[in-house]
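J.: Below are the sequence and a predicted model; questions follow.
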Amino acid sequence: MRYKWRTGQWAFVLHRVSGLALSVYLVMHLYVVSSLYQPENFNKVMAFLNQPLFKLLEIGLLGAVIYHSLNGIRVGLIDFANGTAKHALIFWVLMAIGAVIFIAGAIPFLHHGGVL
Amino acid sequence: MKITFKVYRFDPQSGKAPYLQDFPVEVTPGMTILDALGEIKAHQDGTLVYRRSCRSGICGSCAMKINGFNRLACETQALLLKQSVIHVEPLPGLKPIKDLAVDMEIFYEALARVKHWLINPDPPPTDKERYQSPEDFKKIEVSTSCILCASCTASCPSFWADKNYLGPAAILKAYRYSFDTRDKGFADRVGALDNKHGLWRCHTIMNCTDCCPKHINPTESICHLRRMTVENKY
């Protein structure tokens, strides 16, 4: 179905996609944490995770968490605070805040990863 | 200026799949999409089917998808779209009957489900009518201007995915009567509203509000009704 994509539709689809991604992450996270029972195993898993790919995924995770929580605030404002008329403005203000948090958060990640 | 109209053509009796047909039209300033369709029907192809009545944004018959966005053909000036090619398609999400005409049955059925009329078991205070103060009318004024064109419901991704969903237009009507100070029918409507095909199917995507030709905000009505439903329940 070809229909014009406006802010609300982008916000909704990205919310679903980031939500699904976070659910998948949660399962992987529980798997990693479950190896804590055996110190040797845990060290192996941590060594495996010390690849550039996982550093990138970590930054993706940061982005998903920031987007999902900030858009969640927007949905709350729409539902409970009559935010419907200003929904697009709320979206872009929150995304600007999100961009700042994302950059501030990604720099230490890259430092630890040895990229910066 | 010459504009090419790519018009959705569909004839179920022909057995052919729907396709877009090109119609070049000489467009003059002030000419609407509906005028252009009339031009095509009169001079190029008399078999073109579309709905129209008032030509002035009151009847709501000519809502269609124009350049990927639901609008009234009679209120959309071709030159203001600033495109040399204009796509004209039927409302999305509703079953096409022929060319630009769609089956509105599920749209009207959703309206009946929310009982879009005044419900008040008490007899009127006088034997004439139930009066309403201008202040009380102000509370619902915007929602009374809905012309039932179905632009909103047909723009809603939740409705595309769930044809049993009431849709923004029907919920707006439920709001218009439930928040009317003369109405006592919310208890009769809440059954149709408070379920997964009702208020809670809305994901605040806002397509309905973006496209409403009467500048109504159905999403806000949905949010008000959600709060009313929750307050009534708990």
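T.: Everything's here; your move.
J.: buried sites along stretch A:25-37?
T.: In terms of neighbour count (16 or more other C-beta atoms under 10 Å in any protein chain shown), stretch A:25-37 has its buried residues at A:Tyr25. Any C-beta I mention is one placed from the backbone N, CA and C, and that applies to glycine too.
J.: likewise stretch B:119-133?
T.: Buried, per 16+ other C-beta under 10 Å, within stretch B:119-133: B:Ile119.
J.: got the contact list for that stretch?
T.: Applying C-beta atoms under 8 Å, 6 or more residues apart in numbering or on different chains, the set of residues contacting stretch B:119-133 from outside is B:118, B:177, B:180-185, B:188-189.
J.: tell me the two of these that are most distant?
T.: With distance counted by C-beta to C-beta, no two of the contacts of stretch B:119-133 lie farther apart than B:Thr181 and B:Asp188, which are 16.8 Å apart.
J.: Now chain B against chain A: closest residue?
T.: Residue nearest to chain A within chain B: B:Met206 (3.2 Å; C-beta to the nearest C-beta).
J.: Could you list the low-confidence segments of chain A?
T.: Where chain A drops to pLDDT under 70, the residues are A:1, A:113-116.
J.: At which residues are the helices of it located?
T.: If DSSP state H is used as the criterion, the helices of chain A fall at A:7-34, A:39-49, A:52-80, A:87-112.
J.: can you list these in a markdown table and add distance to chain B?
T.: Rendered in a markdown table, the data for these read as follows (distance: least, C-beta to the nearest C-beta, whole Å):
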| stretch | distance to chain B |
| --- | --- |
| helix A:7-34 | 3 |
| helix A:39-49 | 35 |
| helix A:52-80 | 5 |
| helix A:87-112 | 5 |
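J.: With respect to burial, which of these scores highest?
T.: Per-stretch averages of neighbours, counted by mean count of other C-beta atoms under 10 Å in any protein chain shown, single out helix A:52-80 among the helices of chain A, with a mean of 16.
J.: That one packs against which elements?
T.: Packing partners of helix A:52-80 (3 or more C-beta pairs under 8 Å, 6 or more residues apart in numbering or on different chains; DSSP states H and E): helix A:7-34, helix A:87-112, helix B:218-233.
J.: so which of these gets nearest B:Phe5?
T.: Once these are compared by C-beta to C-beta, helix A:7-34 is nearest, at 25.8 Å.
J.: Which residue is the nearest non-sequential neighbour of B:Ile147?
T.: The shortest distance from B:Ile147 to any non-neighbouring residue, by C-beta to C-beta, 6 or more residues apart in numbering or on different chains, is to B:Gly60 (3.6 Å).
J.: Give me the three-state assignment for the one you found.
T.: Under DSSP: H, G, I helix; E, B strand; the rest coil, the three-state class of B:Gly60 is coil.
J.: before we move on, the earlier item: right, so of the helices and strands packed on helix A:52-80, which gets closest to B:Lys65?
T.: For the helices and strands packed on helix A:52-80, proximity to B:Lys65 was assessed by C-beta to C-beta; helix A:7-34 is nearest, at 14.7 Å.
J.: what packs against that closest one?
T.: Counting contacts by 3+ C-beta pairs under 8 Å, 6+ apart, helix A:7-34 packs against helix A:52-80, helix A:87-112, helix B:207-211.
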